[in-house]
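1. from the sequence below, what's the structure:
(2 chains)
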Amino acid sequence: MNERTWNILVESFPRLLGYGIRVTVPLTLISYALAMVIAVIVALIQYADVKGLRKLCRFYVWVIRGTPLLVQLYLVFFGLPSVGITLKAFPAAVLVFGFNEGAYMAETMRGSLESVHHGQMEAGYCVGMNYLQTMWHIVLPQAFRTAFPALGNSLISMVKGTSLAATITVMEMFRQAQVINGRVSESLGLYTEVAIIYLLFCTVLTWLQRWGEKKLNSYGGQKK
Amino acid sequence: MMLEICGLRKSFAGMEVIRGIDLSVNKGDVVAVLGPSGSGKTTMLRCLNFLERADGGTMTFDGETFDLHAATRHEVARLRRKTAFVFQSYNLFLNKTALQNVTLGLTVSRRMDRERAREIAVRCLEHVGMADRLHSYPSQLSGGQQQRVAIARALATEPEIIFFDEPTSALDPELIGEVLSVMRDLAEEGMTMLIVTHEMEFARSVSNKVMFMEGGLVVESGPSREFFSAPKEPRSREFIRSVLNPKQ
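-> You can find the predicted model right below:
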């Protein structure tokens, strides 16, 4: 590595990391929060078999999972303005990432809810709790425990997915690397650098996930 | 009369599993529901607590009559507050400790304050000999211990009657005794119980009434002593002989 390359990398690192922390991380967290809300609602509607809405949920999951994320981004950001819906780049990205990952997470949650033994619900009724109380205190916590590893997976996959927001002009970490590269033309070094920062973020999340799983295991690995 | 069932019927997918059952239970009665597998005992019990919706029948409880098929949500809730249910597979809340399993019904559905609920729960767990495992999760307890916690959970809400659905059928043989002995204590204290069981010896020594079912019908019912010493129906005689002396 020559001195010029080295200097470029050293200079760009804090800049890229800064964009990572100021844009990529919030973009991920906000989108993930949205995805989680959508996932829980969509999963509960299907679990409780709410007539009418259940079909709508299946349709949503079907469409989202059957179309590429990149296409969804383009549709919302470049396509919708022609019918009068113009979104700024960041909110458009949040919406698309949230609804996209939400579909996958809804399936995770639905599977986890269904894996909770129906006797748990019956026992809740028999001690006098109603449907919502039993869901809140018994079924949902157990479902979350089961879903936790898969939900962590979704979060990690979303961190990396946010790099696609570069294509709809969101100035996040990867877009910033592209911009710097346009000036100094150092593709190998810059993109390696950005890859390492993503890896760093995901490593931290992996640790958090492992720690969280250990915490949740305190009730003795619920399955018996 | 504390509990009276009239004309209970239930079918699953066109198969009639309960074909018109009458039953009456007095305060302090311990009724053993006996019969071969598939005779509808468990389904009957589940209908009484609305875990299954009956196709027809009425239930009079504490002077109030409910339609077992068409009871409203409020009626079901009111009835469940006066009863408790012990399951074959315990069904302890897996994400809660033994103590929390017992307090949850008190704090959540009866809005009792935590301190009082805790006191009651500890007392109930002592009653079933589980006071030393308050903070254990179900997965850390043996089957017999789990079932005893389940009985404590049932007791905590001060039910007027407890329904037991084959409470020892899922247990290893060496764990059955501890659960039966807790139930025996309850019977002696005057708790009203309706028990579906295959434990004939237990039924004979603890229950005061027997209801023998087969094919969704009551074949014979009456005082336990008479049922076990001089069963009237040939089918009852045959059943008692086969379960008490399985080798002959």
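2. so which residue of chain B comes closest to chain A?
-> B:Gly105 (3.0 Å; CB to the nearest CB). For glycine as for every other residue, the C-beta is placed from the backbone atoms N, C-alpha and C.
3. any idea how far B:Leu8 lies from B:Phe212?
-> Separation of B:Leu8 from B:Phe212 (CB to CB, to the nearest Å): 16 Å.
4. quick check: pLDDT value at the residue of chain B closest to chain A.
-> We have a pLDDT of 93 for B:Gly105.
5. tell me the contacts of it?
-> Counting by CB atoms under 8 Å, 6 or more residues apart in numbering or on different chains, B:Gly105 touches A:127-129, B:153, B:156-157.
6. mind listing what the residue lying closest to it once chain neighbours are set aside touches?
-> In this structure, B:Gly105 finds its nearest non-sequential neighbour in A:Val127, 3.0 Å apart by CB to CB, 6 or more residues apart in numbering or on different chains. Residues in contact with A:Val127, defined by CB under 8 Å, 6+ apart, are B:84, B:104-105, B:109, B:153, B:157.
7. show me which pair in those residues is furthest apart.
-> The span of the contacts of A:Val127, defined through CB to CB, is set by B:Ala84 and B:Leu104 at 13.2 Å.
8. does the residue positioned nearest the centre of chain B belong to a helix, a strand or coil?
-> The centre of chain B sits closest to B:Phe164, judged by CA atoms, centre = their mean, with a distance of 1.7 Å. Secondary structure state of B:Phe164, per DSSP: H, G, I helix; E, B strand; the rest coil, is strand.
9. OK, contacts around it?
-> So B:Phe164 contacts B:86, B:183, B:193-197 (CB under 8 Å, 6+ apart).
10. and if you look at A:Met171?
-> The contact partners of A:Met171, taken as CB under 8 Å, 6+ apart, are A:19, A:23, A:179.
11. need the three-state assignment for it.
-> Secondary structure state of A:Met171, per three-state DSSP, is coil.
12. which residue ranges of chain A form helices?
-> For chain A, the helices defined by DSSP state H cover A:3-19, A:25-47, A:53-65, A:69-74, A:89-115, A:118-126, A:131-134, A:140-161, A:173-184, A:187-216.
13. could you dump the ones you listed to JSON lines with mean neighbour count?
-> JSON lines is the format used below for these (neighbours: other CB atoms under 10 Å in any protein chain shown):
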{"stretch": "helix A:3-19", "mean neighbour count": "14"}
{"stretch": "helix A:25-47", "mean neighbour count": "20"}
{"stretch": "helix A:53-65", "mean neighbour count": "14"}
{"stretch": "helix A:69-74", "mean neighbour count": "16"}
{"stretch": "helix A:89-115", "mean neighbour count": "21"}
{"stretch": "helix A:118-126", "mean neighbour count": "20"}
{"stretch": "helix A:131-134", "mean neighbour count": "16"}
{"stretch": "helix A:140-161", "mean neighbour count": "19"}
{"stretch": "helix A:173-184", "mean neighbour count": "18"}
{"stretch": "helix A:187-216", "mean neighbour count": "14"}
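14. of all the ones you listed, which lies closest to B:Ser139?
-> Across those, closest to B:Ser139 is helix A:140-161 (CB to CB), at 11.8 Å.
15. so B:Leu186 is in contact with B:Met193, correct?
-> Yes: with contact defined as CB atoms under 8 Å, B:Leu186 counts as touching B:Met193 (6.6 Å).
16. joint contacts of these two?
-> Common neighbours of B:Leu186 and B:Met193 (CB under 8 Å, 6+ apart) are B:Ile162.
17. mind listing the strands for chain B?
-> Using DSSP state E, the strands assigned to chain B run over residues B:3-12, B:15-25, B:30-34, B:56-61, B:64-67, B:83-86, B:161-165, B:193-196, B:209-214, B:217-223.
18. how about the residues of chain B by chain A?
-> B:49-51, B:77, B:80-81, B:83-85, B:87, B:89, B:91-97, B:104-105, B:108-110, B:137-140, B:153-154, B:157 (CB under 8 Å from any CB of the partner chain).
19. and the residue of chain A that's closest to chain B?
-> Checked against chain B (CB to the nearest CB), the nearest residue in chain A is A:Val127, 3.0 Å away.
20. need phi/psi at that residue.
-> phi -90, psi 10 (degrees, to the nearest 10).
21. if we can go back for a sec, closest one of the contacts of B:Gly105 to A:Gly111?
-> A:Met129 (23.9 Å).
22. could I get the average pLDDT for stretch A:173-193?
-> According to the model, stretch A:173-193 has a mean pLDDT of 96.
23. and it, how far apart are its ends?
-> In stretch A:173-193, first residue to last residue: 11 Å (CA to CA, to the nearest Å).
24. hmm, who's touching that stretch?
-> Contacts to stretch A:173-193, defined as CB under 8 Å, 6+ apart, come from residues A:1, A:5, A:8-9, A:12-13, A:15-16, A:19-20, A:23-24, A:163, A:165-166, A:169, A:171, A:194, A:197-198.
25. run through chain A and note the low-pLDDT ranges.
-> A:218-224 (pLDDT under 70).
26. show me what the least confident helix or strand in chain B by mean pLDDT is packed against.
-> In chain B, no helix or strand scores lower on mean pLDDT, DSSP states H and E than helix B:234-244, which sits at a mean of 87. Judged by 3 or more CB pairs under 8 Å, 6 or more residues apart in numbering or on different chains; DSSP states H and E, the packing partners of helix B:234-244 are helix B:200-206, strand B:209-214, strand B:217-223, helix B:224-229.
27. please identify the most buried of the ones you listed.
-> Sort those by mean neighbour count, taking mean count of other CB atoms under 10 Å in any protein chain shown, and strand B:209-214 sits at the top with a mean of 22.
28. put the alpha carbons of that one into PDB.
-> Taking C-alpha atoms only, strand B:209-214 is exported to PDB below (Å, rounded to 0.1, in the frame of the first residue of the first chain):
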ATOM      1  CA  LYS B 209     -69.500 -40.200  44.500                       C
ATOM      2  CA  VAL B 210     -68.600 -42.000  41.300                       C
ATOM      3  CA  MET B 211     -69.800 -41.400  37.700                       C
ATOM      4  CA  PHE B 212     -68.900 -44.100  35.300                       C
ATOM      5  CA  MET B 213     -69.000 -43.200  31.700                       C
ATOM      6  CA  GLU B 214     -68.700 -45.000  28.400                       C
END
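29. for stretch B:67-82, buried residues please.
-> B:68, B:71, B:75-82 (16 or more other CB atoms under 10 Å in any protein chain shown).
30. and the two most separated of those residues?
-> Within these, B:Leu68 and B:Arg81 form the most distant pair, 17.1 Å apart (CB to CB).
31. same for the top helix by length along chain B, what does it pack against?
-> If you go by DSSP H, chain B has its longest helix at helix B:173-188. Helices and strands touching helix B:173-188, as assessed by 3+ CB pairs under 8 Å, 6+ apart, comprise helix B:143-156, strand B:193-196, helix B:200-206.
32. dump the residue contacts of the closest residue to B:Met59 other than its chain neighbours.
-> Distances taken as CB to CB, 6+ apart place B:Phe66 nearest to B:Met59, at 4.8 Å, with adjacent residues excluded. Contact analysis of B:Phe66 by CB under 8 Å, 6+ apart lists B:58-60, B:75, B:79.
33. TSV for the residues you listed, including pLDDT and distance to A:Ile38?
-> Listed next are the contacts of B:Phe66 as TSV, based on pLDDT from 0 to 100; distance: CB to CB, whole Å:
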residue	pLDDT	distance to A:Ile38
B:Thr58	95	45
B:Met59	95	43
B:Thr60	94	48
B:Glu75	94	36
B:Leu79	92	38
